[in-house]
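*Asks:* Got a predicted structure here, sequence first:
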Amino acid sequence: MSSKIKDWLRQDRLPHIYCTGCGNGTVINCTLSAVTQMGWEIDDTVFVSGIGCSSRASGYISTDSLHTTHGRALAFATGVKMAKPELNVVVFTGDGDLSAIGGNHFIHACRRNIDMTVICINNMIYGMTGGQGSPCTPEGKYSTTTPYGAHEPAFDLAELAAAAGANYSARWTAYHVKQLSDAIKTGLEKPGLSFIESITQCPTSYGRRNKLRTASDMLEYMRTNALLLSKKRRMEEIGEEIPAERFTVGEFVNRNKPAMGVPK
Amino acid sequence: MKLIIDETRCKGCNLCTTVCPYSIFTEGKKLNERGIVVPVLDRPQRCTNCRLRNLYNRQLCGVCQLICPDQAISWVEETEGLTEKVVIEY
Ligand SMILES: Cc1ncc(C[n+]2csc(CCOP(=O)(O)OP(=O)(O)O)c2C)c(N)n1
Ligand code: SF4
Ligand code: SF4
Ligand code: SF4
């Protein structure tokens, strides 16, 4: 660990509870790498999270943190930001936490464009409660509640954040560690709501049911199926077919609309 | 600088083995006392990060450290009198 990142981790709580090869730990590294590059102080930064494996992340970081009720991370974070706009507010959330039970909070936080950075660890499943399908389970994929393959279309969270009004929206994966760290850093710098989604491996609840048993298999899946947004647009222009397995990564929106909660 | 794996943290996921462009990590064979197969380091002095860190005073690759979900990978200052000679290749 680089010594700066080490200072931001609660060493006494490590190793964390995540399963072997779970990508949540990687996203924590990328986030802390971006946070330390910002030169922020531990005392001026607050991490907020909901409930789920991914939401445990805030508890491993040495700043003040709020581990809130399921789906309400953004509502609590809004409160923190409104009460003390000078604080840096970063939210960790899972795909279920953010887009299922917390779906409305998500849309309205983006619409209000509140000055915070939201990092969604999208493992395409409810990890903590045993692998039920979430609104982000891709079509045809297996989970405990979709034993014949999910047949509802999945949410595209990065597109949703952009449409709802966030100033910044990007998606990468836990394989693209450098790009993910850079996107988080851009999000931290930007006033207004920044949304960074990371497709992340959950070998235990997702991989095991979808022929991707090990973390390395899941990494390989992310490496081969991530499609750059610019490339996808080019493919669409020339009418080339995009295979169903592929998902887009890159910057979806980066704009400077008026933001709420920015210190005057 | 020298690369190390903290055996008290590593859970043996082998993500470092998958991503290192220099194949410095290889899958281990033996269980350690925690029942985990920690990867073996194959001549870690070949790592660009180790070799060039002091020279350029910056982190060069570092992908293994970022990807390690268990914060088990770090670099330590090498002590004097080390027998392994670090050869700088360009
Ligand atoms: C109000 C409420 N409903 C349901 C739960 C049970 N619950 C705990 S974690 C979780 C799912 C978490 O999934 P996700 O947000 O995707 O995070 P992951 O564990 O996959 O990282 C659920 C449904 C709860 N804690 N509170
Ligand atoms: S169940 Fe999945 S998300 Fe939860 S700790 Fe295990 S691998 Fe990670
Ligand atoms: S820093 Fe890069 S080259 Fe060095 S061991 Fe890690 S992944 Fe390999
Ligand atoms: S990535 Fe980290 S936890 Fe996984 S095998 Fe390598 S050192 Fe161990």
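*Replies:* Yep, that arrived. Ligands and ions are numbered 1, 2, ... in the order given.
*Asks:* Now do the SS call for the residue in the stretch 151-264 of chain A that ligand 1 sits nearest to.
*Replies:* Closest to ligand 1 within the stretch 151-264 of chain A is A:Cys202: 6.3 Å, counting by Cβ to the nearest ligand atom. C-beta here means a position set from N, CA and C on the backbone, and glycine is covered the same way. At A:Cys202 the chain is in coil, as set by DSSP: H, G, I helix; E, B strand; the rest coil.
*Asks:* Ok, A:Ser65 next?
*Replies:* Secondary structure assignment for A:Ser65 (three-state DSSP): strand.
*Asks:* sorry, back to before: the residue of the stretch 151-264 of chain A closest to ligand 1 and A:Cys22 touch, don't they?
*Replies:* Yes: contact criterion Cβ atoms under 8 Å: A:Cys202 and A:Cys22 qualify, at 6.3 Å.
*Asks:* What's the local residue count around the spatially closest residue to the residue of the stretch 151-264 of chain A closest to ligand 1 that is not a sequence neighbour?
*Replies:* Spatially, and ignoring its direct neighbours in sequence, A:Cys202 is nearest to A:Asn123 (3.7 Å; Cβ to Cβ, 6 or more residues apart in numbering or on different chains). Neighbour count for A:Asn123, taken as other Cβ atoms under 10 Å in any protein chain shown: 31.
*Asks:* How about the contacts made by A:Asn123?
*Replies:* By Cβ atoms under 8 Å, 6 or more residues apart in numbering or on different chains, A:Asn123 lies in contact with A:23-24, A:53-54, A:94-95, A:199-202, A:205-206.
*Asks:* mind putting those residues in CSV, pLDDT included?
*Replies:* Output for the contacts of A:Asn123, formatted as CSV (pLDDT from 0 to 100):
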residue, pLDDT
A:Gly23, 98
A:Asn24, 98
A:Cys53, 98
A:Ser54, 98
A:Gly94, 98
A:Asp95, 98
A:Ile199, 98
A:Thr200, 98
A:Gln201, 98
A:Cys202, 98
A:Ser205, 96
A:Tyr206, 97
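*Asks:* which of those residues tops the neighbour count?
*Replies:* Busiest of the contacts of A:Asn123 [other Cβ under 10 Å] is A:Gly94, holding 34 neighbours.
*Asks:* Can you tell me who that residue pairs with across the strands?
*Replies:* Here A:Gly94 sits in beta bridges with A:Ile121, as judged by DSSP bridges.
*Asks:* where's it relative to chain B, distance?
*Replies:* Applying Cβ to the nearest Cβ, to the nearest Å, the value for A:Gly94 to chain B is 16 Å.
*Asks:* Hmm, that residue is touching A:Cys120, no?
*Replies:* Yes: look at A:Gly94 against A:Cys120 with Cβ under 8 Å: they come within range, at 7.1 Å.
*Asks:* hey, what's in contact with both of those two?
*Replies:* Common neighbours of A:Gly94 and A:Cys120 are listed as A:Ser54 (criterion: Cβ under 8 Å, 6+ apart).
*Asks:* what is in contact with A:Cys202 and A:Cys22 at once?
*Replies:* With contacts taken as Cβ under 8 Å, 6+ apart, the residues that reach both A:Cys202 and A:Cys22 are A:53, A:127.
*Asks:* Which residues are in contact with B:Pro21?
*Replies:* Counting by Cβ under 8 Å, 6+ apart, B:Pro21 makes contact with B:61, B:63.
*Asks:* Return the residues in contact with the residue of the stretch 151-264 of chain A found nearest ligand 2.
*Replies:* The minimum distance from the stretch 151-264 of chain A to ligand 2, using Cβ to the nearest ligand atom, falls at A:Cys202 (3.2 Å). A:Cys202 makes contacts with A:19, A:22-23, A:53, A:123-125, A:127, A:218, as judged by Cβ under 8 Å, 6+ apart.
*Asks:* Please list the members of those residues that lie in helices.
*Replies:* A:Met218 (DSSP state H).
*Asks:* Flag the shaky bits of the chain, pLDDT-wise.
*Replies:* With no chain named, the answer covers chain A. Confidence mapping of chain A against pLDDT under 70 gives the ranges A:1.
*Asks:* oops, chain B please
*Replies:* Counting by pLDDT under 70, chain B has low-confidence residues at B:80-90.
*Asks:* how close does B:Gly28 sit to B:Ile36?
*Replies:* 9 Å (Cβ to Cβ, to the nearest Å).
*Asks:* Check the contact lists of these two and give me the overlap.
*Replies:* Residues touching both B:Gly28 and B:Ile36 (Cβ under 8 Å, 6+ apart): B:Gly12.
*Asks:* Spell out which parts of chain B neighbour ligand 3.
*Replies:* Neighbours of ligand 3 within chain B, by Cβ under 6 Å from any ligand atom: B:3, B:19-22, B:24, B:47-49, B:61-64.
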